[in-house]
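**Student:** Using only what follows, build the 3D model:
(chains A, B, C and D)
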Amino acid sequence: MALSREQIAQRVAQELQDGYYVNLGIGIPTLVANYVPAGIEVMLQSENGLLGMGLFPTEDEVDADLINAGKQTVTMAAGASLFDSAESFAMIRGGHVDLTVLGAFEVDVEGNIASYMIPGKLIKGMGGAMDLVAGADNIIVTMTHASKHGVSKLLNQCTLPLTGKGCIKKVLTDLAFIEIKNGKFHLLERAPGVSVDEIVKLTEGELVVNGDVPEMTF
Amino acid sequence: MALSREQIAQRVAQELQDGYYVNLGIGIPTLVANYVPAGIEVMLQSENGLLGMGLFPTEDEVDADLINAGKQTVTMAAGASLFDSAESFAMIRGGHVDLTVLGAFEVDVEGNIASYMIPGKLIKGMGGAMDLVAGADNIIVTMTHASKHGVSKLLNQCTLPLTGKGCIKKVLTDLAFIEIKNGKFHLLERAPGVSVDEIVKLTEGELVVNGDVPEMTF
Amino acid sequence: MAGFNKVVNSYQEALAGLEDNMTLIVGGFGLCGNPENLIKEIKRIGTTGLTVVSNNCGTTEHGLGILLFDKQIKKMVASYVGENDNFEQQMMSGELDVELTPQGTLAEKMRAGGAGIPAFYTATGYGTPVAEGKEVREFNGKKYILEESVTGDFALVKAYKADTFGNLVFRKTARNFNPLAATAGKITVVEVEHIVEPGELDPDEIHLSGIYVDRLIKGNFEKVIEQRTITEAKNPKQGA
Amino acid sequence: MAGFNKVVNSYQEALAGLEDNMTLIVGGFGLCGNPENLIKEIKRIGTTGLTVVSNNCGTTEHGLGILLFDKQIKKMVASYVGENDNFEQQMMSGELDVELTPQGTLAEKMRAGGAGIPAFYTATGYGTPVAEGKEVREFNGKKYILEESVTGDFALVKAYKADTFGNLVFRKTARNFNPLAATAGKITVVEVEHIVEPGELDPDEIHLSGIYVDRLIKGNFEKVIEQRTITEAKNPKQGA
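**Tutor:** Below is the predicted model of the structure:
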């Protein structure tokens, strides 16, 4: 069965390592923070100028001067630091963030990603997404594997305007955990109860399946 | 008679305006701070990361963490700010410093300046001088007009490696206050008791003399 | 003799010299750290044909969004322009020119503009619509695009605290683009919550030196919150 | 489980992994804000063939200068290299390779290296020996040269105060190149005068985020003064 949003977040969280500085995009990526494994500490970077994002505030703690990149009110964890936007993207662009998790409309076998614009429909802007995909070495894209109508979002070539070129190596969909290398998708894991055939059918780009593909465990 | 070091500094100080942020180089430029006209406030920038340099410290005030660009112990004036070296040169390179005063070995009619290196003899480095001459709009070079042997330092073309190309417009020597424009030196003022002929004789580059050239007043 | 005292006493004086068709660099992220009173004053003055460089364009009711209502903005350079009904309409109808710029590139363009760096290379946007018409160059086997810096006729900035010399302290994430914008204006106008005397701020705690500040005004701020999110007892980790 | 605790307990541990022929980015201006104990440890270890990027090269007796005595430095990238007898000798004899770099360009190269900017244009050095072999380009009628960023295998940094997560506070002009150097090292080692617990530093007063810091050690510092200048009663303005 396809993973829920929470399960996607939960599986991504297994990739966290102790001491990781992490940038979580809006949507499913934000949920990853709820599943940090026991015994592991991570710090969350918010590209509007905060490293060490804490919980949402209580009514008393709400501070209009303290928001995250999604413009939500937040708090700071102990050991947090504040900085301006140039410094924030110096961290991101300079490769100092250990893991970036973000959503996408499409990815392709070349590691291209389209996530910010649907011409004629959605043109709100890329925000920090282009900087994040260009600056990070370690990116996990979270997305649904295919549209409701069964149209694959893992393509031979992205059809939408790109957010980044050749920068995505790992994709976690509701059906599969996939690595991108040498111009192909590689199936690493499948969602519990989802068959390899099902995944192959919903993957437009060439998908390499090597031996037995393990089910994800939670 | 040729100006003393103090008189050169005093004449430069007449160019200060209220509210000027000023960077003073090592040597004669440093003395300019002693002659700030009454009723005028200036703030001194030290390129190692201080805006608002104060007096030298008393014995009790000496702080190894507070020095100027000449590596001398200093203090801070009220309203001073501290910053890193990139920020310091952002100010300088970005043209935010109102006046820069620095010394030179040679200048020429094209506004070139040589001030940091005598091949085979003096190769200690340019420090911040190249950034200062490239970043400032308003620069006054202070220097002796000629060597002890009467060899002019105001040339058709600098002979030493350049610190900056085409960036000097004003030169105050021990003999004259000179403007550089359209590929020529222009005599604005002469030191008290120094004749125009004397200045012409010690100026290698073409010197334009228009009408009566006033003596400097102090 | 004003010396270094940058304080002005009215918003009119703060924006003296603002003219139609000028370029403004404006601080703030969403409605956080917005120079909200300076923006309101521009609405009052009615300046038009403005090019505005800012991360966002406010909301329909607040921030830079209020300048869209009277069509005062000709061109917007921003990284994200949602949350405003008028924006999409004017963009679609061609009344509003929009230059979408990645957030980090935008921040760096402002910093570079203030720092006398005319252009820099960044991997951000390589191979995307942002790269169109821009030079591509390889350094150490990776592709980068050339981005030019921005400067403005005015920079509009919100800080938390200042001394009268214009030395600035920002507060929490209201810092964002503000110190960068401040460096990139020919005339930099800063509104703050508190003004103190020179010497009252520890020089080591100053976030931006007063050398960048031309005018300083004390304001009262609404500080509208776009997404008021509160911890629910049953899911305390959601905010993290 | 170390989490974000960057504290190490010996200088040996602080420089573990340092090898011959590596590149070091080192903070400090003259002897002010020098990571003096880290430098002494390198002398003790005896690492050779080093490329050192730092504004100066210390004096004969102090700072980076002590590494020249044993000829541990192969190449020096600096803006000003006076005050050291061994330096000139080794440079003249060809044992030491020197790349003189304008101070502001050097600072920006470090910042760019840490910020993922591979290169930038600056007017500094145009038409001078510094421009040799570098691209010249015109922007808005002015000439600029292309400068590439620097990074190092190690960055050696001196800060005043840190929390155990490596968030740093610098003190007065001992800040100088230190926060820039810290961003540009593959492994960034910081020595400080005081270490406090996370949460004890106001997040708004932190000069550099701990994200750049890999190792942190508490040291004792000599803080040698190069030019001890004292106010004379009869000429109180000289220092200004």
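
**Student:** Please give the number of neighbouring residues around A:P192.
**Tutor:** Residues lying near A:P192 (other C-beta atoms under 10 Å in any protein chain shown) number 13. Just so you know, the C-beta spots here come from the backbone N, C-alpha and C atoms, and that holds for glycine as well.

**Student:** and it, how far is that from A:I140?
**Tutor:** As judged by C-beta to C-beta, to the nearest Å, A:P192 and A:I140 stand 19 Å apart.

**Student:** Next: A:T75.
**Tutor:** In this view, A:T75 and A:I140 are 25 Å apart by C-beta to C-beta.

**Student:** Next: C:E83.
**Tutor:** 27 Å.

**Student:** Same check on C:N34?
**Tutor:** 33 Å.

**Student:** Compare neighbour counts for the two and give me the winner.
**Tutor:** Taking other C-beta under 10 Å, C:N34 and A:I140 do not tie; C:N34 has more neighbours (30 against 21).

**Student:** What's the per-residue pLDDT of the more buried one here?
**Tutor:** In this prediction, C:N34 carries a pLDDT score of 97.

**Student:** I'd guessed A:G27 sits against A:G103; true?
**Tutor:** Yes. The criterion here is C-beta atoms under 8 Å, and A:G27 meets it with A:G103 at 5.1 Å.

**Student:** Quick one: name the residues of chain A near chain D.
**Tutor:** A:18-19, A:21, A:39-41, A:43, A:45, A:50-52, A:76, A:78-83, A:87, A:89-97, A:135 (C-beta under 8 Å from any C-beta of the partner chain).

**Student:** quick one: which of these sit in strands?
**Tutor:** A:21, A:43, A:45, A:50-52, A:76, A:78-82 (DSSP state E).

**Student:** Dump those to CSV, plus neighbour count.
**Tutor:** As requested, these are exported to CSV (neighbours: other C-beta atoms under 10 Å in any protein chain shown):
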residue, neighbour count
A:Y21, 20
A:M43, 24
A:Q45, 29
A:L50, 29
A:L51, 30
A:G52, 27
A:M76, 21
A:A78, 14
A:G79, 26
A:A80, 29
A:S81, 28
A:L82, 28
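
**Student:** Where in the chain is the helix or strand with the lowest mean pLDDT?
**Tutor:** You didn't pick a chain, so chain A it is. Across the helices and strands of chain A, the lowest-confidence element by mean pLDDT, DSSP states H and E is helix A:28-31, at a mean of 92.

**Student:** was after chain C, sorry
**Tutor:** helix C:85-92 (a mean of 86).

**Student:** got the buried residues for that one?
**Tutor:** C:86-87, C:90-91 (16 or more other C-beta atoms under 10 Å in any protein chain shown).

**Student:** now do stretch A:59-74
**Tutor:** A:62-74.

**Student:** Then stretch C:89-108?
**Tutor:** Within stretch C:89-108, the residues scored as buried using 16+ other C-beta under 10 Å are C:90-91, C:96, C:98, C:100-108.

**Student:** same check, this time on stretch A:176-189
**Tutor:** Neighbour counts using 16+ other C-beta under 10 Å place A:176-178, A:180, A:185-189 of stretch A:176-189 among the buried residues.

**Student:** That one near chain C anywhere?
**Tutor:** No. Residues of stretch A:176-189 contacting chain C under C-beta under 8 Å from any C-beta: none, with a closest distance of 15.2 Å.

**Student:** mean confidence for that stretch?
**Tutor:** 98.

**Student:** For that stretch, give me every contacting residue.
**Tutor:** With C-beta atoms under 8 Å, 6 or more residues apart in numbering or on different chains as the test, stretch A:176-189 has contacts from A:11, A:107, A:109-111, A:145, A:154, A:168-172, A:190-191, A:194, A:196, A:199, A:203, A:205-210, A:213-216.

**Student:** what's near enough to touch residue 171?
**Tutor:** In the absence of a named chain, chain A is used. A:104, A:107, A:140-143, A:154, A:177-180, A:185.

**Student:** sorry, should have said chain C
**Tutor:** A:65, C:160-161, D:204.

**Student:** Assumed C:K134 was part of a helix.
**Tutor:** No. Judged by DSSP: H, G, I helix; E, B strand; the rest coil, C:K134 forms no part of a helix; its state is coil.

**Student:** Next up, the contacts around it.
**Tutor:** So C:K134 contacts C:125, C:145-147 (C-beta under 8 Å, 6+ apart).

**Student:** now, which of these lie close to chain B?
**Tutor:** Restricting those to those touching chain B (C-beta under 8 Å from any C-beta) yields no residues.

**Student:** Can you select the buried ones among the contacts of stretch A:176-189 for me in ChimeraX?
**Tutor:** Selecting only the buried entries of the contacts of stretch A:176-189 in ChimeraX, with 16+ other C-beta under 10 Å as the criterion:
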select /A:11,107,109,110,111,145,154,168,169,170,171,172,190,191,194,199,203,205,207,213,216
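
**Student:** So which of the contacts of stretch A:176-189 belong to helices?
**Tutor:** Cross-referencing the contacts of stretch A:176-189 against helices under DSSP state H gives A:11, A:196, A:199.

**Student:** list the contacts for the first one?
**Tutor:** Listed by C-beta under 8 Å, 6+ apart, the contact partners of A:R11 are A:3, A:172, A:177, A:216, A:218.

**Student:** Which parts of the chain are strands?
**Tutor:** Using chain A. Using DSSP E, strands in chain A cover A:20-24, A:42-46, A:50-53, A:76-82, A:99-103, A:106-108, A:113-114, A:139-143, A:154-155, A:170-173, A:176-181, A:184-190, A:207-208.

**Student:** not quite, I wanted chain C
**Tutor:** Using DSSP E, strands in chain C cover C:23-26, C:50-53, C:73-78, C:97-100, C:119-122, C:136-139, C:142-148, C:152-163, C:168-169, C:185-196, C:215-218.
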